[in-house]
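> Make a model of this:
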Amino acid sequence: MFAHLKENEASKVDNPRPVDLSPECLSMMEKLMLAQAQECVFHKAVMDKKSPGTLARLAKQAGNMYGEVSAIFNQPAVVQHFERSWVAHTQMKAALYDVNALMEQGRQYNSETKIALEVAVLSEAFKRMQSVKALAKAVSKEMAESLKGQEEQLTVALTKAQKDNNAVYLERVPVFADVPAIAPALVVKPAPPTNLDASTENLFSGLIPDSSAKALSKYTDMVDSLSREQLGKLAEATDAARLALKQADLPDLLEALDGSAAASVPEGLLRDMEEVNTIGGTQHLREILQEMGELRHHVDADLAACQTALDEEAAADVAARSTYGDEWRVPQSSTLAKHLWEKLHSYRSTMSQAAESDSKVIQRMNENEAAFAALTPDAAASQLPRLQAPLVSTGPADPAVVVASLRRNMEALDQLSSERAGLEEALKELKAKDNILPKLMAAGSSNTDTLFDRELKKYDEIKADVARNVARNTELLSAITRDAQAFKAVFEVPAWRASCEAAAAGIKGALKTYKEVLDHLTEGLRFYMSLQDAVKQHQQQCSDYAYTRALQRDDLKQDLDRRRREQRESKAAAAQQLSYMSLNAAQPAGPAYPPHPQMQTPHVAAPPSGPQPPAYMSFGAPAVHQQPPQSHSGSGQYNQYGHQPQQEQQQYGGYHQPPPQQQYHHQQQGYPHYGGQLQVQQPYHGSYGGAPVGQQPSAPNPYGSSYGAPPPGQQGYSGYQPYQYP
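You can find the predicted model right below:
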């Protein structure tokens, strides 16, 4: 339509040309309609569950079209003609459908397992969503609120995609500029309008003169007043009939005479029994009992699980104490779990009391089950006396005549009620068809009152029918009231009512007992439901306690086992060291040979007399003893204790004392090479300057005996004591 106006009609309008018919405005309206049509197609595709790729292309085209409309709104020709809210609205729509296109394209990449591309497009969509939110606030608060759901959906999808890529796919996420662009899909186009020729139509036929409109309004008010009056009379007649019948206990008395069960039962009792049968009666009580039993079974199972967890933990604690003795210094289970055991015993006591209450309620229900089953209108009516005519009538009226007259009047009253319903429909139909507008326009404004009187006469027939119906209704109600009084007197209705009330006492008692049992069972059901929740929570506490204690127990066991293992290893190492020291102390003393720095080859002599060292002392060396040369040039350097430095001693096979750490951990280290063969090197356990065990010093120590070698003829200091390892 707007394209047709722009091409065919806009140029025909002379100056000043309205803005609505300017080419810019018509072009903008055309594009706006097309954008809205594209938007409708997108939403229909969403409802039809089209593929994400198709939805992305449709949304992209809708965004582009709204963008074009927004640009036209800012043109000088129309910028002042429309409200600024339209500009913000179209800008927001353009940005929103760009976000929709990116979200749908992300779904498409996800279905193709292109997670890196999905992360890229969803990240860009999240950035653009922030701009959409700002534009939506400029439109309206409701529009901004409507975007929260879509923003949450976008956030969840982006978080999941990033998590999947970081944990599983490990693909490099490209920049958005490298992602393939979404190809828009245009599915709407303008269609030329048809049937624009109105030359054969009277376009102003519906226009009404002001005088005729006022006259028509006055006539309409008159018809409405007449209709309300007649409908009110019919409604009053219906209400009067209902009230009179209720006061006369009709038609209940006639139904009771015919043997109807519901008519014999008192109204309040009947209503209570209907409620009982609606909820299921005795079967409803059985269902509640069954549900209570299931809940009780679950509670017992949860309590058993609590006790099992605590018993197993206590048994494990006892076993650990028996294994480790005094080393097991953690608090006892009986102390830590005391509050858990107390609560467990409290729940069991509560369950015992609840079982006693349940047994009492069940016993009461079983005792009254037959009475509960009889709480139906038919069963109750069978226990009540029936309404019937007396064997000998003492009154002036014949019971049969009274009943016949009462039935006849009741039937006539029902017929009048049906006629009233017909009169209401006829009046409403006549009012709907009452159109005097053509007559008003033809008659003018001078003869309206005469026209109104003539037109209102069509309602006279209905008014007469309403009056006859109301009058007949009043007559019948008077006759029915008179016949009802005679009926009550002949059939002794008050006495029958009293006997029914007396007979219904047992039914009322059973109904009261049923309600009490129902209340007790309902309360018990609520109790077991709340108790189950509490026991579930206690079971979780017991499980957490047992699990925590198991972790602590395992850690402590590992620590104690490690300490015991270290103690055994330490004792074994100390015993081996003491054994080694005792062997060294038992070796005979041999001559001491001072080392010579120029010595190149060892002197091999016959083995000395006396006991030989054990075989393991000469591991890897020939069974000979090293004899140093008898003379040397004396050019070697000696320290202040009369011995060469340790480095030279190692180089020429001299004896030295290993570090204390090596003596403790490696008792048989320190075997230097001498002359290409492994020689025996005995550790030194004496004081500073002493000769190795089994050797005598070759010359007196010039520095005395404080730190030097022992005097001639002595093996060492008499005060020497082997080192005792802790």
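
> drop to CA atoms for contacts and neighbour counts, all remaining ones
Fine.

> what residue ranges in the stretch 401-550 of the chain score low on pLDDT?
444-446 (pLDDT under 70).

> Can you show me the helices along it?
437-443, 448-456, 460-490, 493-503, 505-585 (DSSP state H, counting those that start in this stretch).

> Between those, which one is closest to residue 65.
Closest to residue 65 of those, according to Cα to Cα: helix 437-443, at 49.2 Å.

> Would you mark the buried spots in the closest one?
By neighbour count on 16 or more other Cα atoms under 10 Å, the buried set for helix 437-443 is 440, 441.

> Start at 20, not 1
All right, first residue 20 from here; so that's helix 456-462.

> pLDDT at the spatially closest residue to residue 509 that is not a sequence neighbour, what is it?
Using Cα to Cα, 6 or more residues apart in numbering and skipping residues adjacent in sequence, the residue nearest residue 509 is residue 418, 6.1 Å away. Residue 418 is assigned 81 on the pLDDT scale.

> Tell me which of the helices of the stretch 420-569 of the chain is the most buried.
With neighbours taken as mean count of other Cα atoms under 10 Å, the helices of the stretch 420-569 of the chain reach their highest mean count in helix 479-509, at a mean of 17.

> packing partners for that one?
helix 229-266, helix 418-452 (3 or more Cα pairs under 8 Å, 6 or more residues apart in numbering; DSSP states H and E).

> Put together JSON lines for those, with mean neighbour count and distance to residue 124 on each row.
JSON lines is the format used below for the helices and strands packed on helix 479-509 (neighbours: other Cα atoms under 10 Å; distance: least, Cα to Cα, whole Å):
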{"stretch": "helix 229-266", "mean neighbour count": "15", "distance to residue 124": "60"}
{"stretch": "helix 418-452", "mean neighbour count": "15", "distance to residue 124": "58"}
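
> Kindly reformat the ones you listed as TSV containing distance to residue 501.
Shown next, in TSV, are these (distance: least, Cα to Cα, whole Å):
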stretch	distance to residue 501
helix 229-266	11
helix 418-452	9
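
> Just tell me which of those ends up closest to residue 535.
Going by Cα to Cα, the one of the helices and strands packed on helix 479-509 nearest residue 535 is helix 229-266, 32.9 Å.

> what mean pLDDT does the next helix or strand after the closest one have?
Of the helices and strands lying after helix 229-266 in sequence (DSSP states H and E), the nearest is helix 271-276. Per-residue pLDDT values across helix 271-276 average out to 81.

> Same check on stretch 597-607?
Here the average pLDDT along stretch 597-607 is 75.

> Any idea how far that stretch is from the middle of the chain?
Computed by Cα atoms, centre = their mean, to the nearest Å, the chain-centroid distance of stretch 597-607 equals 78 Å.

> where's residue 377 relative to residue 307, distance?
Using Cα to Cα, to the nearest Å, we find residue 377 at a distance of 12 Å from residue 307.

> wait, isn't residue 301 in contact with residue 391?
Yes. Using Cα atoms under 8 Å, residue 301 makes contact with residue 391 at a distance of 6.3 Å.

> Can you tell me the centre-most residue of the chain?
Of all residues in the chain, the one closest to the mean position by Cα atoms, centre = their mean is residue 175, 15.6 Å from it.

> before we move on, which element is it in?
Judged by DSSP H and E, residue 175 forms part of helix 167-183.

> Could you check how far that helix is from the centre of its chain?
18 Å.

> Convert that helix to CSV, retaining C-alpha atoms only.
Below are the C-alpha coordinates for helix 167-183, written out as CSV (Å, rounded to 0.1, in the frame of the first residue of the first chain):
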residue,chain,number,x,y,z
LYS,A,167,16.9,-10.9,31.0
GLY,A,168,15.9,-14.4,30.0
GLN,A,169,17.7,-14.2,26.6
GLU,A,170,20.8,-12.8,28.3
GLU,A,171,20.9,-15.7,30.8
GLN,A,172,20.5,-18.2,28.0
LEU,A,173,23.4,-16.6,26.1
THR,A,174,25.6,-16.6,29.2
VAL,A,175,24.9,-20.3,29.9
ALA,A,176,25.6,-21.3,26.3
LEU,A,177,28.9,-19.2,26.2
THR,A,178,30.1,-20.6,29.5
LYS,A,179,29.4,-24.2,28.4
ALA,A,180,31.2,-23.7,25.1
GLN,A,181,34.3,-22.2,26.7
LYS,A,182,34.4,-25.0,29.3
ASP,A,183,34.1,-27.7,26.6
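
> Okay, buried residues for stretch 332-341 please.
332, 333, 335, 336, 339, 340.

> Distance of the third one relative to residue 568?
Okay, so that is residue 335. 10 Å.

> returning to that earlier point: any chance of the helices of the stretch 420-569 of the chain in TSV, with distance to residue 262 too?
Below are these laid out as TSV (distance: least, Cα to Cα, whole Å):
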stretch	distance to residue 262
helix 456-462	44
helix 467-475	34
helix 479-509	10
helix 512-522	20
helix 524-604	29
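
> Ok, which of these comes nearest residue 319?
Per Cα to Cα, nearest to residue 319 of the helices of the stretch 420-569 of the chain: helix 524-604, 9.2 Å.

> Which elements pack onto that closest one?
By 3+ Cα pairs under 8 Å, 6+ apart, helix 524-604 packs against helix 286-298, helix 301-343, helix 357-386, helix 388-392.

> Check which residues of the shortest one are buried.
Same thing as helix 388-392. Taking 16+ other Cα under 10 Å as the criterion, helix 388-392 shows 390, 391 as buried.

> quick one, what contacts the residue nearest to residue 509?
408, 412, 506, 509, 510 (Cα atoms under 8 Å, 6 or more residues apart in numbering).

> Any idea which of the helices of the stretch 420-569 of the chain gets closest to residue 138?
helix 524-604 (40.7 Å).

> okay, and for the chain, where does confidence drop off?
Using pLDDT under 70, the flagged stretches of the chain are 20, 22-40, 96, 98-99, 212, 214-226, 279-283, 409-415, 463-465, 605-745.

> Look up how far residue 121 lies from the nearest residue to residue 384 once chain neighbours are set aside.
Spatial nearest neighbour of residue 384, excluding adjacent residues (Cα to Cα, 6+ apart): residue 536 at 6.8 Å. Separation of residue 536 from residue 121 (Cα to Cα): 64 Å.

> One more: residue 557?
For residue 557, the distance to residue 121 - Cα to Cα - is 50 Å.

> Could you do residue 134 as well?
In terms of Cα to Cα, residue 134 sits 14 Å off from residue 121.

> swap in residue 558?
On the measure of Cα to Cα, residue 558 and residue 121 end up 50 Å apart.

> next one: residue 553
For residue 553, the distance to residue 121 - Cα to Cα - is 50 Å.

> and what of residue 466?
Taking Cα to Cα, one finds residue 466 at 72 Å from residue 121.

> Looking at these two, which one has more neighbours?
Remark: of residue 466 and residue 121, residue 121 carries more neighbours, 30 against 10, as counted by other Cα atoms under 10 Å.

> Between helix 167-183 and the host helix or strand of the more buried one, find me the angle.
Using DSSP H and E, residue 121 sits within helix 103-130. Interaxial angle, helix 103-130 versus helix 167-183 (axes from the mean of the first three to the mean of the last three Cα atoms, to 10 degrees): 30 degrees.
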